[in-house]
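Participant: generate a structure from the sequence data that follows.
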Amino acid sequence: MDNLNRRNVLKAGGALGAIGALSMATPAQAVPWTWSAKGSVAGVGDEVDPRWVWDPEADPVSAAIIERGEVARVNALLRTWTRNGQPLPAGLPADLRDFMEQARQLPSWADHGKLATAFEFNQRRGLYLGLLYGLASGMMSTVIPKEARAVYYSQGGADMQDRISKTAKPGYDIGTRNAFAPDGEMIVTCVKTRLVHAAVRHLLPQSPQWDAAAPEQIPISQADMMVTWHSLPTTVMQKLVAWRVPIPADQSTAFLHSWQLGAHMLGIRDEYIPASWSEANSQAAQVLTPILAPTPEGINLADILLNLGSPVDAGILSKPILGAFTRFMLGDQIAGWLRIPREPIWDPLLRTAWGPFIAVREGLLPFPLAPEAYWLFDEFLRRAALLFLSEGQTISIEIPDTNRPS
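Facilitator: So this is what the prediction gives:
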């Protein structure tokens, strides 16, 4: 398919785009989408397979900005837009302004009471969340083949430190007190991210390297976004449950609500967003778990992630320790795919002492661990949270105008 035809399919979007793409290029090995919209926040839907739905509102806008040569000017203007309730900058192109005014509106089902409770959860569990966003969700992204290839071959793949910081920003912003309020930043982050995703959809099909490696013709479908979504809140909650971290039911529901709202603001259709944790687990079992696999691109990205620790943190956030935590959280198979070597000290220590550490930390057990092991784990949690969450505070999410240089 040439670039012109790709753009035509992209602009069609929605059900029309699905019909066109299905008729042209249904992969023989693909598993049909069978998850029912009855389990979504919408409760109903047209049951179109999300692999063939993109973002018909954002996609033509970003494509037009790129084609008109306006990316640098638009990015300069958008750097001044940092708060949800802030007026849009003067001088934006009319099509972009119209899109952003619509995209920044919260849905009718947004519940500010639940969002306040979600902040209580994030505040209390922030150390766990920092670790899980970074080493469970972040490392899992490297074995999501489509995501790994899209990141690697897009502009962000050339500067992974910057790319990782921008990826961490939603995790930071969604955990703040007023994430979706006028003085918060999550809506801004979501709208800018929609524009970035749309730009990548326009640019990546023009990359010979991505075209040769990718099985799809247009990246970042709604199905792909839901896969990434499950690598975040669904995976995080599954790990907290497995660690037996006590979480009040209202906080669990509120945490889910904040991420449901985040999905909506990222342009995902409500009919694809799970309405409950049971539905989220069911959908993840269909769309996330079976597709995990190694790729050369993902192995490279994983190695970069494991080298994120600064020289100051080299002792507690060294590559061997980060690798051991990755193996502990994602399992031997994924660690093997990513060529993470076994650690003779940290691997058995995590297997035997992490559960008691969590129980002690949550006040469920007296202090059975050696003090050195307890404080080692606690310091690791603290520094991991700083590494994977606080980076997002000063990052500017910007529209790309090129792919990764050859």
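
Participant: so D111 touches H257, yeah?
Facilitator: Yes - if you go by CB atoms under 8 Å, D111 and H257 touch, sitting 6.0 Å apart. For every residue, glycine as well, the C-beta is placed using N, CA and C.

Participant: more neighbours: which of these two?
Facilitator: H257 (19 against 15; other CB atoms under 10 Å).

Participant: how about the more buried one, what does it touch?
Facilitator: By CB atoms under 8 Å, 6 or more residues apart in numbering, the contact set of H257 is 111, 114-115, 118.

Participant: can you verify my assumption that I299 contacts I340?
Facilitator: No - under the criterion of CB under 8 Å, I299 makes no contact with I340, lying 9.9 Å away.

Participant: and for these two, which residues touch both?
Facilitator: What both I299 and I340 touch, as defined by CB under 8 Å, 6+ apart, is an empty set.

Participant: which one of the two has more residues nearby?
Facilitator: Between I299 and I340, I340 has the larger neighbour count (other CB under 10 Å), namely 24 against 16.

Participant: for the more buried one, which non-adjacent residue is spatially closest?
Facilitator: G323 (4.2 Å; CB to CB, 6 or more residues apart in numbering).

Participant: surely that neighbour meets I334?
Facilitator: No - at 11.4 Å, G323 does not count as touching I334 under the criterion of CB under 8 Å.

Participant: give me the more crowded residue out of the two.
Facilitator: G323 (25 against 20).

Participant: distance-wise, check that one relative to R104.
Facilitator: 40 Å (CB to CB, to the nearest Å).

Participant: do the same with S258
Facilitator: Distance from S258 to R104, by CB to CB: 17 Å.

Participant: more neighbours, those two?
Facilitator: S258 (23 against 17).

Participant: I figured the more buried one hits A118, correct?
Facilitator: Yes - assessed by CB under 8 Å, S258 is found in contact with A118 at 4.1 Å.

Participant: between these two, which contacts overlap?
Facilitator: Counting by CB under 8 Å, 6+ apart, the residues touching both S258 and A118 are A179.

Participant: which stretches of the stretch 1-150 of the chain have low pLDDT?
Facilitator: Low-confidence segments of the stretch 1-150 of the chain (pLDDT under 70): 1-31.

Participant: please name the residues that touch L330.
Facilitator: So L330 contacts 136, 139-140, 143 (CB under 8 Å, 6+ apart).

Participant: distance of R83 from D183?
Facilitator: 6 Å.

Participant: out of these two, which sits in the more crowded spot?
Facilitator: Neighbour totals were compared for R83 and D183, and R83 leads with 14 against 11 (other CB under 10 Å).

Participant: where does that one sit: helix, strand or coil?
Facilitator: Put simply, R83 is coil when judged by DSSP: H, G, I helix; E, B strand; the rest coil.

Participant: could you find the closest non-adjacent residue to G175?
Facilitator: N122 (3.7 Å).

Participant: ugh, wrong one, I meant M265
Facilitator: Distances taken as CB to CB, 6+ apart place C190 nearest to M265, at 3.7 Å, with adjacent residues excluded.

Participant: pLDDT score assigned to the one you found?
Facilitator: On the pLDDT scale, C190 is placed at 97.

Participant: burial measure for it, as a count.
Facilitator: For C190, using other CB under 10 Å, the count is 24.

Participant: which other helices and strands contact the helix or strand harbouring it?
Facilitator: Per DSSP states H and E, C190 falls inside helix 186-203. Contacts defined by 3 or more CB pairs under 8 Å, 6 or more residues apart in numbering; DSSP states H and E place helix 186-203 against helix 3-12, helix 59-67, helix 94-103, helix 160-173, helix 249-265.

Participant: next helix or strand past that helix?
Facilitator: Next along from helix 186-203, by DSSP H and E: helix 208-213.

Participant: list the buried ones in the helix or strand immediately after that next one in the chain?
Facilitator: Next along the chain after helix 208-213, taking DSSP H and E as the criterion, comes helix 222-229. Going by neighbour count (16 or more other CB atoms under 10 Å), the buried part of helix 222-229 is 222-229.

Participant: pull out the buried positions in whichever helix or strand comes after helix 222-229.
Facilitator: The helix or strand immediately downstream of helix 222-229 is helix 235-242, counting by DSSP H and E. Under the neighbour-count criterion of 16+ other CB under 10 Å, helix 235-242 has 235-240 buried.

Participant: got the angle for helix 235-242 vs helix 222-229?
Facilitator: 40 degrees (axes from the mean of the first three to the mean of the last three CA atoms, to 10 degrees).

Participant: who's in contact with helix 235-242?
Facilitator: 125, 128-129, 132-133, 136-137, 140, 247, 252, 255-256, 277, 280-281, 284, 329.

Participant: at 7 Å instead, please
Facilitator: 128-129, 132, 136-137, 140, 247, 277, 329 (CB atoms under 7 Å, 6 or more residues apart in numbering).

Participant: now swap in stretch 123-136 and tell me
Facilitator: Residues contacting stretch 123-136 (CB under 7 Å, 6+ apart): 122, 171, 175, 232, 235-236, 239-240, 245, 322, 325-326, 329-330, 381-382, 384-385, 387-389.
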